[in-house]
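# Pasting the sequence and the predicted coordinates here, then a few questions.
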Amino acid sequence: MNKKVTPYKDSSLGKKEQVTKMFDTISGKYDGLNRVISFGIDIKWRKRVVAIIGKNNPESILDIATGTGDLAINMVQTGAKEIIGLDISPGMLEVGRKKIEAKKLDTTIKMVVGDSENLPFEDNTFDAITVAFGVRNFENLEKGLSEIYRVLKKNGTFVVLETSNPTKFPYKQGYNFYSKYILPSIGKLFSKDRSAYTYLSESAAVFPHGAAFNNILKKIGFIDVENKPQTFGVASIYVATK
C-alpha cells in the first residue's frame with residue numbers, strides 16, 4: 001500500500017478533503033501549470049493513452065480524476081458515444097465544463113462530481129476506464145482500483161498515466177532535484193500555493209510505480225498487465241484488462 005502523503009500537513013481534514021481543497025484552490029491555474037512543469041510533454045503522453053484506448057473502439061469511457069477534462073476531451077477522437085469525466089474537485093470540473101462547452105462537446109462529455117473509491121455506477125458499465133495523474137491521490141489505492149474493476153466491462157481496457165521515478169543516472173538525480181526544489185517553486189509562483197506542488201512531488205515519490213503497481217493491479221484481478229515507461233522514466237502508462 002502506498003505511504004500516506006497529504007497536501008496540508010497540519011490540517012484536521014482527511015486526505016480526500018485535503019486533495020479536494022488543494023485542487024479547488026489551483027483549478028484556475030492548473031492547465032497552464034501542467035504545460036510549464038512538464039515542458040508540454042504531458043500532451044504527448046495523453047495522445048498515447050488515447051491511441052491505446054482507441055484500438056478497441058469503445059462506446060463508453062469513464063475518465064476518473066478527470067480534473068479540467070484534458071484527457072476526456074482527447075478521448076472524443078476514439079469515436080466513443082459517451083464519455084464521463086469524474087472528479088472529486090468541483091472547482092476543477094467547472095473549468096473543464098467551460099472548455100467542453102467552448103468546443104461544443106457537451107453532448108458527448110459529461111462531467112460528474114464523484115469519489116473514485118465509491119463510484120456512482122452499476123457493475124460492468126464502461127468499455128474503457130482511464131486515470132491520468134490521479135491514482136496517487138486515492139486515499140485507499142486498492143479500494144479505488146477495486147471500484148474501477150467493478151464498473152469496467154469484461155474484456156474492458158483500463159489505462160493509467162502516472163508519474164514515476166527514473167532509476168538510471170543522470171535522469172534519477174536530475175528528476176529528484178527538479179521535483180524537490182524546482183516544481184514547488186514554480187507552483188508557488190503561479191498558484192501561490194507551494195504546499196500543493198510540494199504534495200504533488202512527494203506523492204509521486206512514494207507511489208508504488210513500475211512492477212509494484214503492476215502487482216497491485218494483478219492482485220485486484222486485472223490481467224494482461226503491462227507498464228510502458230515514458231520519457232526516461234519520469235512517467236508510466238499502465239495498461240490492463242478485466
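That came through fine. Source: prediction; values computed, not measured.

# Just give me the longest strand of the chain.
As assigned by DSSP state E, the longest strand anywhere in the chain is strand 152-163.

# how far out from the middle of the chain is it?
Distance of strand 152-163 from the chain centroid (CA atoms, centre = their mean, to the nearest Å) equals 12 Å.

# same deal with stretch 234-242?
With CA atoms, centre = their mean, you get 11 Å for stretch 234-242.

# now swap in stretch 213-226 and tell me
17 Å.

# now it: mean pLDDT?
Across stretch 213-226, the average pLDDT comes to 98.

# Mind jotting down where the helices sit in this structure?
For the chain, applying DSSP state H gives helices covering 15-26, 30-37, 41-54, 70-74, 90-102, 141-151, 171-177, 183-191, 194-206, 211-220.

# between those helices, which gets nearest to Val112?
Comparing the helices of the chain against Val112 with CB to CB, the closest turns out to be helix 90-102 (7.8 Å). (Glycine included, C-beta is placed from N, CA and C.)

# Just the residues contacting the longest strand of the chain, thanks.
45-46, 49, 52-53, 56, 58, 71, 124-136, 148-149, 204, 207, 209, 213, 217, 222, 234-242 (CB atoms under 8 Å, 6 or more residues apart in numbering).

# Now for this protein, the helix or strand with the poorest mean pLDDT.
Least confident helix or strand, the chain: helix 183-191 with a mean of 67, by mean pLDDT, DSSP states H and E.

# I'd like the list of the contacts of strand 152-163 that fall within strands, please.
126-132, 235-241.

# so where is the chain shaky, pLDDT-wise?
Scanning the chain for pLDDT under 70 picks out 1-3, 7-8, 10, 36-38, 171, 175, 184, 186-197.

# What is the burial count for Ile43?
Neighbourhood size, Ile43 [other CB atoms under 10 Å]: 13.

# Tell me who's in contact with it.
Arg35.

# buried residues in stretch 94-110?
Neighbour counts over stretch 94-110 (16 or more other CB atoms under 10 Å) mark 95-97, 99-100, 105, 108-109 as buried.

# farthest-separated two in those residues?
Those two in these that are separated most widely, counting by CB to CB, are Val95 and Thr108, at 18.1 Å.

# for Leu119, phi and psi?
phi -70, psi 130 (degrees, to the nearest 10).

# Do I have it right that it meets Arg150?
Yes: counting by CB atoms under 8 Å, Leu119 touches Arg150, with 7.3 Å between them.

# Contact partners for Glu139?
4, 14-16, 117.

# Can you select the buried ones from the residues you listed in PyMOL?
Buried residues within those, by 16+ other CB under 10 Å, are selected in PyMOL with:
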select buried, resi 15+16+117
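
# Now do Val234 against Ser164, distance only.
7 Å (CB to CB, to the nearest Å).

# burial of Phe39, as a residue count?
Phe39 has 9 nearby residues by other CB under 10 Å.

# picking that back up, apply the buried test to the ones in strands among the contacts of strand 152-163 and list what passes.
Here, 16+ other CB under 10 Å leaves 126-132, 235-240 buried among the ones in strands among the contacts of strand 152-163.

# From those, pick the one nearest Tyr181.
Ala235 (19.5 Å).
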